[in-house]
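[1] sequence first, then the predicted structure:
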Amino acid sequence: MNLTSPSQVKAWCIENDFHPNKVLGQNFLIDRNALVSIVDAGLAGADAAGAEVLEIGPGLGVLTEEMLARGCSVTAVEKDPVLAARLASSLGDPPRLRVVAGDALDLVAGRLGPAEGAGSDPLPRFTHMISNLPYQAGTRILLELVQAREIPSMTVLVQTEVAERLAAKEGSKTRGLAGVWAQLDYDVRIVRKVAASCFWPRPEIGSSVVTLTRHDRNVALSEKERAVFRRLTKKAFEHRRKQLGSVFKDLIQSQLRAEQLANEDWINLSKGIAENAEEDC
């Protein structure tokens with residue numbers, strides 16, 4: 001089956017009485033140009049033959065097939081049991097494909113077992129994550145992976161509004177908690193937009209390809225400082241319309257609002273609070 005052919009994808013769904021699940025955010029990519037650009041961005045500068053790629057929400061396997069064709073080893077995590085059961089066989093049971101049936105959030109939390117067909121082998125240490133993330137849970141999954149800091153390069157297809165929040169700099173109206181947390185350990189770049197017409201079923205809004213490349217600028221932060229950073233920023237953005245001095249009272253003296261601070265400012269505040277053991281902010 002040509003996975004970028006709308007007619008063939010629709011025919012398979014009808015033949016197998018499969019209905020894309022809105023709750024799971026199932027919108028299948030059916031545009032070849034968009035497909036190639038995602039994988040190109042995800043593997044830029046890398047040796048594909050040595051890449052251990054995590055793919056979340058492979059669906060029918062359009063990204064999976066392209067990555068395997070380039071020589072990658074792919075671990076595909078699929079929550080839908082019907083799609084998880086068909087993926088490997090539909091692609092010819094390639095030896096470099098592992099299929100994990102389950103929720104990606106369980107994988108991040110360490111609750112998923114070995115991949116299907118892998119016996120007792122542990123899951124690999126991933127060099128990349130390349131995924132068309134499910135609309136509903138995509139942001140939460142990505143932020144869990146960002147905080148784990150284990151994958152050096154992540155390229156994802158997400159709703160454009162999510163992409164803009166992830167990449168937003170200080171002072172931007174789209175600046176929010178997702179961007180602040182992502183940029184603590186990753187450089188975020190929007191690669192390109194992908195029109196809604198490139199998916200089936202067609203979503204209501206367009207998407208964008210985003211790359212997150214891990215940096216080492218904040219590796220010296222202690223876990224205590226990171227915990228303060230998360231609590232501090234979470235509370236600030238819960239009250240983003242208020243000045244920081246009003247949110248934190250005597251702890252922070254500032255007339256600025258949450259989106260006006262750069263990550264360096266949040267880091268410095270977190271270090272000071274952690275040093276003084278005043279973590280009940």
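    Thanks, I have it. Numbers count the residues shown, from 1 in each chain.
[2] need the residues that contact stretch 212-220.
    For stretch 212-220, the external contacting residues (C-beta atoms under 8 Å, 6 or more residues apart in numbering) are 142, 146, 149, 151-156, 166, 182, 184-189, 267. To be clear about C-beta, it is placed using only N, CA and C from the backbone, and glycine gets the same treatment.
[3] what separates it from the chain centre, distance-wise?
    On the basis of C-alpha atoms, centre = their mean, to the nearest Å, stretch 212-220 sits 17 Å off its chain's mean C-alpha point.
[4] could you tell me the end-to-end distance of that stretch?
    20 Å (C-alpha to C-alpha, to the nearest Å).
[5] one more: stretch 26-38?
    For stretch 26-38, the first-to-last residue distance is 18 Å (C-alpha to C-alpha).
[6] ok, now stretch 130-143?
    Terminal residues of stretch 130-143 are spaced 15 Å apart (C-alpha to C-alpha).
[7] so where do the strands sit in the chain?
    For the chain, the strands defined by DSSP state E occupy 28-29, 52-56, 73-78, 97-101, 128-132, 153-159, 186-194, 199-200, 207-214.
[8] now tabulate these in a markdown table and tack on distance to residue 62.
    Formatted as a markdown table, the strands of the chain follow (distance: least, C-beta to C-beta, whole Å):
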| stretch | distance to residue 62 |
| --- | --- |
| strand 28-29 | 5 |
| strand 52-56 | 10 |
| strand 73-78 | 11 |
| strand 97-101 | 14 |
| strand 128-132 | 8 |
| strand 153-159 | 11 |
| strand 186-194 | 13 |
| strand 199-200 | 11 |
| strand 207-214 | 14 |
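[9] mean pLDDT and distance to residue 221 added to those, as TSV?
    TSV is the format used below for the strands of the chain (pLDDT from 0 to 100; distance: least, C-beta to C-beta, whole Å):
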stretch	mean pLDDT	distance to residue 221
strand 28-29	93	36
strand 52-56	97	25
strand 73-78	96	29
strand 97-101	95	31
strand 128-132	97	22
strand 153-159	96	20
strand 186-194	98	14
strand 199-200	92	38
strand 207-214	98	14
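[10] quick one, which of those strands is nearest to residue 235?
    strand 186-194 (22.4 Å; C-beta to C-beta).
[11] may I see the buried residues of the closest one?
    The neighbour-count check on strand 186-194 (16 or more other C-beta atoms under 10 Å) flags 186, 188, 191, 194 as buried.
[12] between it and strand 153-159, how many degrees?
    Put simply, strand 186-194 runs at 40 degrees to strand 153-159, going by axes from the mean of the first three to the mean of the last three C-alpha atoms, to 10 degrees.
[13] okay, the angle between strand 186-194 and strand 207-214?
    160 degrees.
[14] in this protein, which helix is the longest?
    Longest helix in the chain, counting residues (DSSP state H): helix 223-238.
[15] circling back: what is the nearest of the buried residues of strand 186-194 to residue 211?
    Distances from residue 211 to the buried residues of strand 186-194, taken by C-beta to C-beta, are shortest for residue 191, at 5.9 Å.
[16] now do the closest residue to the closest one other than its chain neighbours: how many residues are near it, please.
    Residue nearest to residue 191 in three dimensions, not counting chain neighbours: residue 209, with 4.1 Å by C-beta to C-beta, 6 or more residues apart in numbering. Using other C-beta atoms under 10 Å, residue 209 has 23 other residues around it.
[17] what residue of this structure is the furthest out?
    Distance from the C-alpha centroid of the chain peaks at residue 250, with 36.4 Å (C-alpha atoms, centre = their mean).
[18] now that one: how far from residue 244?
    Distance, residue 250 to residue 244, by C-beta to C-beta, to the nearest Å: 12 Å.
[19] what are the boundaries of the helices in the protein?
    Counting by DSSP H, the helices of the chain are 6-15, 32-42, 62-69, 81-90, 104-108, 138-148, 160-167, 177-185, 223-238, 244-248, 263-275.
[20] below-threshold pLDDT in this protein: ranges please.
    For the chain, the stretches flagged by pLDDT under 70 are 111-121, 277-281.
[21] again, only this time at 90
    Applying pLDDT under 90 to the chain flags residues 1, 6, 10, 12-17, 19-27, 106-124, 134-138, 249-254, 273-281.
[22] how does it divide into domains?
    Annotated domains of the chain cover 6-214, 223-275 [automatic domain parsing].
[23] tell me which of those is the most buried.
    Among the domains of the chain, domain 6-214 has the highest mean neighbour count (mean count of other C-beta atoms under 10 Å), at a mean of 18.
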